[in-house]
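Engineer: after the sequence you'll find the predicted model.
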Amino acid sequence: MILIPAVLILFWIVASMFLNNKISLSVLIYGKKNTDYIQVNTGKLLKGKTINGQFRAQDNYLGIVILRFNQFVKTDYDSEDVLLFKIREKGSKSWQFENTYKSGLLENNLLFPFGFPVFDQSRGKIYQFQIESLNGNNKNAVSIDKNNLTFLTGYKYPRSQILSSKKNTIEFFERKIITSFTSLDFFLSSFIYLLPLLFYVLVFLAYPILKKHKSTKNIFVAGLLLSILIDIVLLKEIYIGLWIFLIACWISCSIRYKLESKINFIIAFVLILIWVLLIQLNILDYQNKINIWVYTFMVIGLVMAVLDEKKSKK
Amino acid sequence: MKKYFYYTPHVLLFFLVVIVFKTWFLPGIITGGDFWFNFPSMYSQFDMFAFAWNWAKGNGLGIFSPLYQAINLVFGAPIFTFGSLLKLPWEIVERLGFFYPFIILGLLAPSYLFKKIFKNNPLWIFSIIIFLFNTYILTLAGGGQIVIAISYTLIPFIIAACIKLAEDTGSPVRKSNILGALAGTQILLDLRIGYITFVAIGIFYLLQLFTRKKALKDAFRNFTYLLLIPGLITLLINAFWIFPVVVVHENPLNELGSAFNTVGAVKFFSFAKFENSLGLLHPNWPENIFGKVAFMKWEFLILPFFAFASLLFVNKKRRESIYIIYFVLLAIVGIFLAKGANDPFGSIYLLLFNYLPGFTLFRDPTKWYMLIAVSYSVLIPFSLYEIYELIKKEKRLRSLATLKINSIFVALFFVYLIYLIRPAILGQLGGTYRKHTLPADYVKLEKFLSTQDDFSRTLWIPTMQRFSYYSQNHPSVAAQDLFNVFSEKQIIKAIAKPSSQDRLKILGIKYVIVPYDTEGEIFLSDRKYDEKGYLKTISDLEKIKYLHRVDGFGHIAVFRADNVYPHFWSNNNLQIKEKYIHPTKYFLEVKNAKKGDVVIFSESFDKKWIAQIDGQKIISKDYEGLNSFVLNKDGNYNFLITYKAQIYVVLGLWISTVTVLFLLFFLFVKKDEKK
C-alpha cells in the first residue's frame, strides 16, 4: 500500500531533477531577497529607457538573471526591439558583460533568462544589472509587471565542483532539492512527473469516496472549473502536467456525472466572451491561456458529441 | 410580395459581388502578388502539352520540374484557349480564364453543399457570404493566388460528392468517378489544396466508420468508393507529372528550395495565431503585406461563437446531425493546423511537418484556413436558422417573434458579416482589387526584346517586375538568386567583380536591367518604396565598365554586355546551327569539329540531358553549372539533344488522356444510355 506511492514520489523527484528541460541539473535557482531591488519604469520599455536592478548573490557561480516580462504583441522580425543587457559587480567602473537580445525571443519565453559568463566567487557580493531598450516604440516595446515582479538568479555549478567530493555532491543536491521544490514555477513544471501519483490517488483513494457520495457533483464540477480559472488567471506559464491533470479530471467528471457535450461548448463560449472583453480592455496577459482552454473544451465537447452520435445510432 | 422577397438574396449577392470585385468588372489590368501580367507575345510559351524541362524556372536557367508541369498546364490551358486561339488581349484572357471562374464557382459551390445537407434551409446566402467573402479568401485572391482560390472552390463540391456517396444506396461507381474527377482536377490546380481535401475526405470516412450502424459492413464499401477509386482516378489524371517523379525518383519539393522544407521556415510562416484562425481572420488582413501581422480584431470572435453553437442545436434524430459534427471536426482540425507552430501545442504541427508524408507542402500553415472557411460556411447559417426558428416557435420567446425579432436578427447578422469585410466594401484592398495600368516603358522593352531573334538572357536587378517581358528566347534571371545575395548593394558588388563578366557571358546574359518599380514592390525601405535605392542601383551600374547603357526605355535602365554566348556554343568557336523542336528536344548541326571539342548547352546542368550521336548516347557533363557534350571524332555532326525524363512525361500524358476520355465517356455517354 505504501510502496507504490513511495515509488511514485521518488519518480516525481528524480524525474523532475533530471528530465526538467527548463533548468539544467547543475543550475541552482534562487528567488529575490528583501535586500534586492529593481527599478522599473511604469509602462512600456521605450527607446533609451532602462530597467535597473541590484541583488546580493546567494551562491557562487552566478551566471543567470531571470526576469518575467508581460505578454506583448510580437511585431515582425525587422521591427522588433533590441534589448541591451549589462551586468557588473557593484563598485566596478565598467560593465563586465554586455549582450543584445531581439525582443521577439521573449514571445514564447516571458520568464526570460539573461545568461552571462559565470562569476566564480560570487557568494555575498552585490551585483548590478541594466536592461536598456535600443529601439523600443509603442508597437514593439516590452514591459515588466512592477506589482507582480518575478526576479530570479541562477548559479551554474561546474560539473567538476559538484563531483569533486562526496560531501560536495550531497551538499549540492540537498540545495538543489530545496531551491527547486520551494519554487512554485519548478513545482508546477514538475507536475507532469507527479501525474502517476495523482492518478493513483484519484483512482484508488478519491474515486471510491466520490462514488459513495453522489451529491458531490456540483462541488466537484465547480471545484474543477475554479481550478481552471485559477490556472488561467494566476499561472501565466503553460504547465503541461497541470493541464493534463485538469483535463483528465474534467473527462472523468464528465463520464462520472454524465455531463452533456453542450456544457463544454458553453464553457468555451463563456471563455471566448471573456476573451473578447479582455481584448477590448487591451489586457493580453491571459490570452494564451484562454486560447488553450477554449480549444481544449471544444475538442472534449466534440469528442463527446461524436460518442453521443455513435450511441444514438446503435 | 413574397416573390420579390424570394429574389432578395440574389440581388444582395449580386451587389456584393459587384462592389467587392468591382475592379474585375471594369477595364484595366488585374495584377497583384503572384499573378503577373503577360504580353500577347508571351502567349506562345503557354501550351497544352507538358514538358519535363521548364526553361523559365531555375532562375531562367531551366530545371526538371514535374510539379510545374501541372501548374503550367493549369495556366496554359486558359491562355492557350483565349489568348493563342481566340487572340484576345490579356485583360480579357485573365478575366475569362481565372477571375470569373473563381467568382462563379465561389458562388455555386457553397450553396450546392449547403442545399445538399439542409434541403429546406432558406439561409443559403450566408453560406456563400462566409465562403466567398471571408478575409482569408479575399486576401488570397487579392494576392494573386487565383488558381489556388479556384481550387478552394472545389472543396464544397468534393465534400458534397462524399455526402452523396455515403447517403445513396444505389450503384456508387458513377459517384465515385465524379469524386475522383473532382479530386484529380483539384490536385492539378494545386497539390496542397488537394492534400487538404484528402484530409477532409479522410475525416469524413473515419467519422462514418465510427458512427454508422453497420460500420464494419460499410467500411469496405466506403473505403473503396470514397478513397480507393477516387484516389486511383486522381493518380491517373495526374500521371503525366506523378509518373516522372516516381521513375526519376527526385523529390519534387527540392526544386522549390530549402526554404520550403525547414522547421525554421514553418515557424517564420506561422503568422496566424489561434485567435486569428478561430475567428477566420487572415493574419495579414487587410493590408496583405507579407510578414506584417495585424492586431486581432475582437469582432471576428463572434463567428466561432455561431459556428460552434450549431452543436447546441444538434438533434440526434435528424439526418444532418452527423454532418454538423463532421463540420465542427473539420473546423477544429483547421483551426489547429492554420495557426502552425504557434500556441497552443505548436510543436505538434512541427512534428507533422517533419514526419507526416506530404506535410512539408505546408510551410505556410494558413492554407488550412480553407477547412475553417468551408465548415463555418455550413455551420453558421445552420445556427442562424435554428436561432431564427427557436424565436419563432418557442412559447417563451413568442413575444419576440411577433416583433419580427428573428428576422431582424438575421438581417443584423448579414450587416455584421459585411462589417467584417468593410475594407473590401470600401475599396481599401490592394493587389488584384486595385486598378493597374501597363507602363509604356515596359511596352517598349517588350517590343525591343521580342523582336530580337538571337537567344540571350536578361538579368534583372534586384529582381523581375510584374510587367517584365520574358520568353523562351529571352529567359529572365533574378540577380538576387543568381548571386545569392539580397540587397542591391551586395548585388552591385558581386556584378562588379571581373569574374562576373565571364559568368554573364557564359550564361548568355546580354541585358542587365533595373526595373521601373511602378507598383512599389521592389525597392523598399521599411516596406515603403524608396526611390533612392532605385537611383543608386542605376548610378552604380553605370560605373561598371563592361556594361553599356541602352537608351530609350524611360524609367527602365537597360545595360548591354557585349559578346555573350548563344544557347549552344563551343570552347573552340565551332559553327553550331540550332533547331528548336520543343523544350526537351533540339537538333544541332556542327561543322568542322575536332575530337575532344565540347558543345555547351546553356541550361542548368542535369545529367538527364543526352546527345544522340550516331546511335551513341552521350550523357551531359557539368560545365560551370551548364550542360556540355564532348565530341569524340573529327568531322561534321547532325544530332539530337533530348531530355531523358520527357519519355516518362509522354507515357504519363497517355495515361492521363485515356483516363480523362474514359471518365468523360462514363460520365456523359453512359448517363445517356441509362436515360
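Structural biologist: Nice, thanks for sending it over. Numbering: from 1, shown residues only, chains lettered A, B, ... in the order given.

Engineer: residue B:37 falls within a strand, correct?
Structural biologist: No: under DSSP: H, G, I helix; E, B strand; the rest coil, residue B:37 falls outside any strand and is assigned coil.

Engineer: what's the burial count for it?
Structural biologist: 19 (other Cβ atoms under 10 Å in any protein chain shown). For the C-beta atoms, the positions are set from N, CA and C on the backbone; glycine is no exception.

Engineer: that one against residue B:438, yeah?
Structural biologist: Yes: using Cβ atoms under 8 Å, residue B:37 is in contact with residue B:438, at 6.8 Å.

Engineer: name the residues contacting each of those two.
Structural biologist: Contact criterion Cβ atoms under 8 Å, 6 or more residues apart in numbering or on different chains; residues shared by residue B:37 and residue B:438: B:29, B:467.

Engineer: up against chain A, what does the stretch 301-450 of chain B have?
Structural biologist: Residues of the stretch 301-450 of chain B lying close to chain A by Cβ under 8 Å from any Cβ of the partner chain are B:301-302, B:304-305, B:308-309, B:311-312, B:314, B:316-317, B:321-322, B:325, B:328-329, B:332, B:335-336, B:343-344.

Engineer: redo that, cut-off 6 Å
Structural biologist: By Cβ under 6 Å from any Cβ of the partner chain, the part of the stretch 301-450 of chain B that sits against chain A consists of B:301, B:305, B:308, B:311, B:312, B:316, B:322, B:325, B:328, B:332, B:343, B:344.

Engineer: which two among the residues you listed are spaced furthest apart?
Structural biologist: Among those, the pair separated by the greatest distance (Cβ to Cβ) is B:316 and B:343, at 34.6 Å.

Engineer: between the two, which is the more surrounded one?
Structural biologist: The residue with more neighbours, out of residue B:316 and residue B:343, is residue B:343; 18 against 12, by other Cβ under 10 Å.

Engineer: residue 279 - how many residues pack around it?
Structural biologist: Here I'm looking at chain A. Other residues close to residue A:279 by other Cβ under 10 Å number 18.

Engineer: oops, chain B please
Structural biologist: Each residue near residue B:279 was counted by other Cβ under 10 Å, and the total is 27.

Engineer: same question for residue B:371.
Structural biologist: Residue B:371 has 27 neighbouring residues, counting by other Cβ under 10 Å.

Engineer: how about the helix or strand harbouring it: buried residues?
Structural biologist: Using DSSP states H and E, the element containing residue B:371 is helix B:369-393. For helix B:369-393, a neighbour-count test (16 or more other Cβ atoms under 10 Å in any protein chain shown) marks B:369-388, B:391-392 as buried.

Engineer: adding pLDDT and secondary structure as columns, could you present the residues of the stretch 301-450 of chain B next to chain A in a markdown table?
Structural biologist: A markdown table is the format used below for those (pLDDT from 0 to 100; DSSP: H, G, I helix; E, B strand; the rest coil):
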| residue | pLDDT | secondary structure |
| --- | --- | --- |
| B:301 | 88 | helix |
| B:305 | 89 | helix |
| B:308 | 91 | helix |
| B:311 | 86 | helix |
| B:312 | 85 | helix |
| B:316 | 69 | coil |
| B:322 | 88 | helix |
| B:325 | 92 | helix |
| B:328 | 94 | helix |
| B:332 | 94 | helix |
| B:343 | 75 | coil |
| B:344 | 76 | coil |
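
Engineer: ok, longest helix in chain A?
Structural biologist: Counting by DSSP state H, the longest helix found in chain A is helix A:287-313.

Engineer: for that one, packing partners?
Structural biologist: Applying 3 or more Cβ pairs under 6 Å, 6 or more residues apart in numbering or on different chains; DSSP states H and E, one finds that helix A:287-313 contacts helix A:261-280, helix B:191-211, helix B:321-338.

Engineer: so residue B:99 makes contact with residue B:24?
Structural biologist: Yes: with contact defined as Cβ atoms under 6 Å, residue B:99 counts as touching residue B:24 (5.0 Å).

Engineer: what angle do the longest helix of chain A and helix B:321-338 make?
Structural biologist: Going by axes from the mean of the first three to the mean of the last three Cα atoms, to 10 degrees, helix A:287-313 is angled at 150 degrees with respect to helix B:321-338.

Engineer: how far off centre is helix A:287-313?
Structural biologist: 26 Å (Cα atoms, centre = their mean, to the nearest Å).

Engineer: for stretch A:73-83, same thing?
Structural biologist: Taking Cα atoms, centre = their mean, the mean C-alpha location of stretch A:73-83 is offset from the chain mean by 23 Å.

Engineer: so is it next to chain B?
Structural biologist: Yes: counting by Cβ under 6 Å from any Cβ, chain B has neighbours in stretch A:73-83: residue A:76.

Engineer: now do the end-to-end distance for that stretch.
Structural biologist: End-to-end distance for stretch A:73-83: 16 Å, by Cα to Cα, to the nearest Å.

Engineer: quick check: which ranges of the stretch 351-500 of chain B have low pLDDT?
Structural biologist: B:397-398, B:400-401, B:403 (pLDDT under 70).

Engineer: mind checking which helix or strand of chain A has the lowest mean pLDDT?
Structural biologist: Taking mean pLDDT, DSSP states H and E as the measure, chain A has helix A:207-212 as its least confident helix or strand, at a mean of 70.

Engineer: not counting its own residues, what contacts the helix or strand that that helix is followed by?
Structural biologist: Note on helix A:207-212: by DSSP H and E, the next helix or strand toward the C-terminus is helix A:217-233. Applying Cβ atoms under 6 Å, 6 or more residues apart in numbering or on different chains, the contact partners of helix A:217-233 are A:246, A:249, A:250, A:253, A:257, A:286, A:289.

Engineer: likewise for stretch B:90-101?
Structural biologist: With contacts defined as Cβ under 6 Å, 6+ apart, stretch B:90-101 is touched by B:24, B:29, B:30, B:38, B:78, B:79, B:82, B:83, B:146, B:150.

Engineer: burial count for the fifth one?
Structural biologist: Residues near residue B:78, counting by other Cβ under 10 Å, number 17.

Engineer: kindly report the same for the first one.
Structural biologist: Per other Cβ under 10 Å, the neighbour tally for residue B:24 reads 20.

Engineer: residue numbers of chain B in contact with chain A?
Structural biologist: Contacts of chain B with chain A, taken as Cβ under 6 Å from any Cβ, map to B:211, B:213, B:274, B:291-292, B:298, B:301, B:305, B:308, B:311-312, B:316, B:322, B:325, B:328, B:332, B:343-344.

Engineer: tell me, how many residues neighbour residue 203?
Structural biologist: Using chain A. As a burial measure, residue A:203 scores 11 neighbours (other Cβ under 10 Å).

Engineer: not what I meant, chain B
Structural biologist: Residue B:203 has 17 neighbours, counted by other Cβ under 10 Å.

Engineer: just residue A:276 next, same as before
Structural biologist: 19.

Engineer: that one: what's it in contact with?
Structural biologist: Residue A:276 neighbours (Cβ under 6 Å, 6+ apart): B:298, B:301.

Engineer: that older thread, is it possible to export the contacts of stretch B:90-101 to CSV including secondary structure and pLDDT?
Structural biologist: Below are these laid out as CSV (DSSP: H, G, I helix; E, B strand; the rest coil; pLDDT from 0 to 100):
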residue, secondary structure, pLDDT
B:24, helix, 95
B:29, strand, 93
B:30, coil, 94
B:38, coil, 93
B:78, helix, 90
B:79, helix, 91
B:82, helix, 92
B:83, helix, 91
B:146, helix, 94
B:150, helix, 96
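
Engineer: and those residues, which two are the farthest apart?
Structural biologist: B:29 and B:150 (19.4 Å).

Engineer: more neighbours: the two, which one.
Structural biologist: residue B:150 (25 against 18).
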